[in-house]
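Novice: sequence and predicted model, in that order:
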Amino acid sequence: MVSRVIPVDPFDLVIFGATGDLARRKILPGLFRRYCAGQMPEEARIIGAARSEMDDDGFRDLVREAVRKFGGGRDCYDEALEGFLAHVGYEHVDAMGEGGWETLKARLRDGMVRAFYFSVAPSLFGALAERLRGFGLADDDSRVVVEKPFGKDLASARALNSTLAEHFDETQIYRIDHYLGKETVQNLMAVRFGNMLFEPLWNAQFVDHIQITVAETVDVSGRGAYYDTSGAMRDMVQNHLMQLLCLIAMEPPARFEPDSVRDEKLKVIRALDPVDYHHIVRGQYIADEKQPGYRSHVEDPRSTTESFVAMKISISNWRWAGTPFYLRTGKALKSQASEIAVVFKDAPHSIFGPEAGRHANVLVIRLQPNEGMTLGVTIKEPGPGGMRLKDVALDMSFADALGPDAEDIPDAYERLIMDVIRGNQTLFMRGDEVEAAWTWTDPIIEGWQRRGEVPKEYDAGSSGPDDALMLMHRDGRKWRDIKA
Ligand SMILES: NC(=O)C1=CN([C@@H]2O[C@H](COP(=O)(O)OP(=O)(O)OC[C@H]3O[C@@H](n4cnc5c(N)ncnc54)[C@H](OP(=O)(O)O)[C@@H]3O)[C@@H](O)[C@H]2O)C=CC1
Ligand SMILES: O=C1O[C@H](COP(=O)(O)O)[C@@H](O)[C@H](O)[C@H]1O
C-alpha cells in the first residue's frame, strides 16, 4: 500500500498548558501517533509550557505516562516512545507573569514553522498572545491555536477576536472545533460534493427534513464546574452541531480551500432564522437506579443548566426554505450515537396503489460509532403476494469498505495539529463564523434566562425528555431511535 502520510515541514510547537488534561489525553498522545506514522520530521520539536516547575526529563516522564495511558497502546508504542521523547522539552512559563519567556525564546529556532497551542483556560488567551508578541517569540509567520470555548457569548467572542487581532493576523489564528478534524465529518463533504448522485436532490424540493443527533452516554461528572456555566447549548450546539449543520446545508464551495469553505458556512449561519422558543426543548438528567443525576455532578443543587437540547431550525434561503432541520444533543443518554439523517420526501405518486405501502428514502451518515452510511431504499416485498413495498438498507461501514486504508486514520486532534503545521486553515473556524454563531445562539439563551425557564427532566440512560419526541411528533415526524 502506498503511504498516505504527507510529511510536514520541520517545526517548533509550543504547547501552553502542557501539563493539563487536554494535553495529556489528546494533544501529546496524538503527536506521538503522528511520530509513529512517520509524519514528524527529524528536526521537529515539541516544547511543553506551564507554571509547574520541572525540567525536560520531568516533562518527558509526564509525556511517557500520558502516551501509555491515552495513546492507544499499540505495539509500536514502547519501542518508539523513547525516540519520540527525544523531540520533547519543557519550559516553565507563567502566562500572566514575566518569568520564563526569554528562556523559552532561546529554545526556538529560526527557519522552522513556529506554532503556539493555547491549551489553557480561555481567560489566559489574551495574556499569551500579548506576551508572545511582546517578548518577540512570534513573528508574522507564526501560528496560534486556540481551544474552545471561544467566548461564552457574542460580546466575549468579539473581545477575544479583537485581542487576538491586536497581535496576530486572521491567517495566523487557528480556532479549534475538533469535530471538523473527524474523518467522518470531512466525509460529509466528500459524500455531498464528490458524488453526482446526491447533490441534485439536496434541497427543499426533495428533502422533507434533516435530523442531526449527537447523543452521548457520558455525564458531566468530573467536569461539573465548567459544564454548569456552559450547558449543552454553549458546549455543543453553538460549535459542533452548528458546524455539522453548516457542512450539510452549505452551497458547494468553489474549492476545498479555507475561505471558500468558510464563506459558505458563514452564509448558512447568517441565513438561520431566530428560533421560536416553542421549538426548543431543554432537558436535565435525573438519577436512575444506576447513575446519579445532573445536580449531584455540579456544585449548585438547584442548577437549571441544560444537559440536553432538541430544536427545530429553519434556514431562510432558496435551497432550504420549507425544510426543517431538527438538532438534538445530550449527556447521560442511553447510547452514544452521532449521525445525520437526510429524510427525503415521498415519491409524488404511487403507481402501486395505497395497499402497497410507501417508504421515504433516508440517507444516514453515521459519524460515530460504527462510522458509515446507510441508504434506505424501497423494493418489492418478496413472494407472490402482489406488489407490496418494503424498505431495505444499503448499509456501508467505512471500516469494511476501506479495509486496511481505514486503519491508522489520524484522530481529530492529530489531523488538526498537522494542518496547523502545514498552514491549512480549511478545517478551522474563522472569527466572523464564530461571532455569527453566537449572534444566533445568544437570544436563545437570553430567552431562557428572561423566562426563568427550568429544563425538563429526563432519566439518565433514556433518550431524553418526552417533550423532545413531541417536538417532531406534532410535525408528523419522528426522531430516529438512538440504539441502546
Ligand atoms: N480537557 C478537555 O477535554 C478539553 C479542554 N478544552 C479546552 O482546553 C483548554 C485546557 O483545558 P484542560 O487541559 O482541561 O485544563 P486543565 O485545567 O487540565 O489544564 C490547564 C493547564 O494550564 C496551565 N496553566 C494554568 N495557569 C497557567 C498560567 N498562568 N500560565 C501557564 N500555564 C498555566 C496548567 O498548568 P500549571 O498549573 O502547571 O500552570 C495546565 O497545564 C481549555 O481552554 C479548555 O476549555 C477543550 C475541549 C476539551
Ligand atoms: O467539545 C466537547 O466535545 C465532547 C464530545 O466530543 P467527541 O469527540 O467525544 O464526540 C463533549 O463530550 C464535551 O462536552 C464537549 O466539551
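Specialist: Okay, I see it. Residues are numbered from 1 along each chain as shown. Ligands and ions are numbered 1, 2, ... in the order given.
Novice: could you look up the SS state of the residue in the stretch 151-300 of the chain positioned nearest to ligand 2?
Specialist: Nearest residue of the stretch 151-300 of the chain to ligand 2 (Cβ to the nearest ligand atom) works out as D235 at 4.8 Å. Bear in mind the C-beta positions are built from the backbone N, C-alpha and C, glycine included. For D235, the assignment made with DSSP: H, G, I helix; E, B strand; the rest coil gives helix.
Novice: count of neighbours near it?
Specialist: 23 (other Cβ atoms under 10 Å).
Novice: now do the same end-to-end measure for stretch 234-245.
Specialist: Start and end residues of stretch 234-245 are separated by 15 Å (Cα to Cα, to the nearest Å).
Novice: the domain parsing of the protein - what is it?
Specialist: Split into domains by automatic domain parsing, the chain comes to 11-147, 180-473.
Novice: all helices of the stretch 301-450 of the chain, in order?
Specialist: 398-402, 412-422, 431-451 (DSSP state H, counting those that start in this stretch).
Novice: please identify the buried residues of the second one?
Specialist: Right, helix 412-422. 412-421 (16 or more other Cβ atoms under 10 Å).
Novice: quick one on the thing from earlier: would you agree the residue of the stretch 151-300 of the chain closest to ligand 2 is in contact with Y227?
Specialist: Yes: between D235 and Y227 a contact is recorded at 6.5 Å, counting by Cβ atoms under 8 Å.
Novice: I'd assumed V207 was in contact with P324.
Specialist: No: counting by Cβ under 8 Å, V207 is not a contact partner of P324; they are 9.9 Å apart.
Novice: so for the two, which sits in the more crowded spot?
Specialist: V207 (23 against 20).
Novice: which residues does that one bridge with?
Specialist: V207 has these beta-bridge partners by DSSP bridges: F344.
Novice: residue contacts, it?
Specialist: V207 makes contact with 201, 323, 342-345 under the criterion Cβ atoms under 8 Å, 6 or more residues apart in numbering.
Novice: next helix or strand past the helix or strand of the chain with the lowest mean pLDDT?
Specialist: Lowest by mean pLDDT, DSSP states H and E among the helices and strands of the chain is helix 76-85, with a mean of 84. For helix 76-85, the following helix or strand on the C-terminal side (DSSP states H and E) is strand 88-92.
Novice: quick one: that following strand to chain centroid distance?
Specialist: What separates the centre of strand 88-92 from the centre of its chain is 29 Å, taken as Cα atoms, centre = their mean, to the nearest Å.
Novice: go through the helices of the stretch 301-450 of the chain and name the closest to ligand 1.
Specialist: helix 412-422 (9.5 Å).
Novice: for the residue of the stretch 1-150 of the chain found nearest ligand 1, give me its contacts.
Specialist: Nearest to ligand 1, among the residues of the stretch 1-150 of the chain, is G20, at 2.2 Å (Cβ to the nearest ligand atom). The neighbours of G20, taking Cβ under 8 Å, 6+ apart as the test, are 50, 119-120.
Novice: could you pull up phi and psi at the residue lying closest to W320 once chain neighbours are set aside?
Specialist: Spatially, and ignoring its direct neighbours in sequence, W320 is nearest to A204 (5.4 Å; Cβ to Cβ, 6 or more residues apart in numbering). Dihedral angles of A204 (phi, psi; degrees, to the nearest 10) stand at phi -60, psi -20.
Novice: number of nearby residues for A204?
Specialist: By other Cβ under 10 Å, 17 other residues sit near A204.
Novice: ok, now L164?
Specialist: L164, neighbours per other Cβ under 10 Å, totals 24.
Novice: measure it to ligand 1 for me?
Specialist: Taking Cβ to the nearest ligand atom, to the nearest Å as the measure, L164 falls 14 Å from ligand 1.
Novice: what of N239?
Specialist: Counting by Cβ to the nearest ligand atom, the gap from N239 to ligand 1 is 10 Å.
Novice: remind me which residues of the stretch 351-484 of the chain are low pLDDT?
Specialist: For the stretch 351-484 of the chain, applying pLDDT under 70 flags the ranges 484.
Novice: which residues touch the closest residue to K26 other than its chain neighbours?
Specialist: Nearest residue to K26, sequence neighbours excluded (Cβ to Cβ, 6+ apart): Y413, at 4.5 Å. By Cβ under 8 Å, 6+ apart, the contact list for Y413 reads 26-27, 30, 178, 181.
Novice: repeat for G71
Specialist: Taking Cβ under 8 Å, 6+ apart, one finds 29, 32-33, 77 in contact with G71.
Novice: what's the neighbour count on L389?
Specialist: Under the criterion other Cβ under 10 Å, the count of neighbours that L389 has is 15.
Novice: report the contact partners of it.
Specialist: Contacts of L389 (Cβ under 8 Å, 6+ apart): 352, 356-359, 378-381.
Novice: so for T171, which of the domains of the chain sits nearest?
Specialist: Minimum separation from T171 across the domains of the chain (Cβ to Cβ) falls at domain 180-473, 7.0 Å.
Novice: so for the least confident helix or strand of the chain, what gets flagged as buried?
Specialist: Applying 16+ other Cβ under 10 Å to helix 76-85 flags 77, 80-81, 84-85 as buried.
Novice: please name every helix or strand in contact with that helix.
Specialist: helix 28-36, helix 56-70 (3 or more Cβ pairs under 8 Å, 6 or more residues apart in numbering; DSSP states H and E).
Novice: export the ones you listed to TSV and tack on mean neighbour count?
Specialist: Listed next are those as TSV, based on neighbours: other Cβ atoms under 10 Å:
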stretch	mean neighbour count
helix 28-36	25
helix 56-70	17
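Novice: can you add mean pLDDT and distance to ligand 1 and give the ones you listed back as a markdown table?
Specialist: Converted to a markdown table, the helices and strands packed on helix 76-85 look like this (pLDDT from 0 to 100; distance: least, Cβ to the nearest ligand atom, whole Å):
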| stretch | mean pLDDT | distance to ligand 1 |
| --- | --- | --- |
| helix 28-36 | 93 | 11 |
| helix 56-70 | 95 | 10 |
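Novice: okay, now N361: neighbour count?
Specialist: 19.
Novice: OK, contacts around it?
Specialist: Going by Cβ under 8 Å, 6+ apart, N361 touches 344, 375-378.
Novice: tell me the one of these nearest ligand 1?
Specialist: Ligand 1 lies nearest to L375 out of the contacts of N361, by Cβ to the nearest ligand atom, at 33.3 Å.
Novice: for the closest one, give the beta-bridge partners.
Specialist: Under the criterion used (DSSP bridges), L375 bridges to L363, L394.
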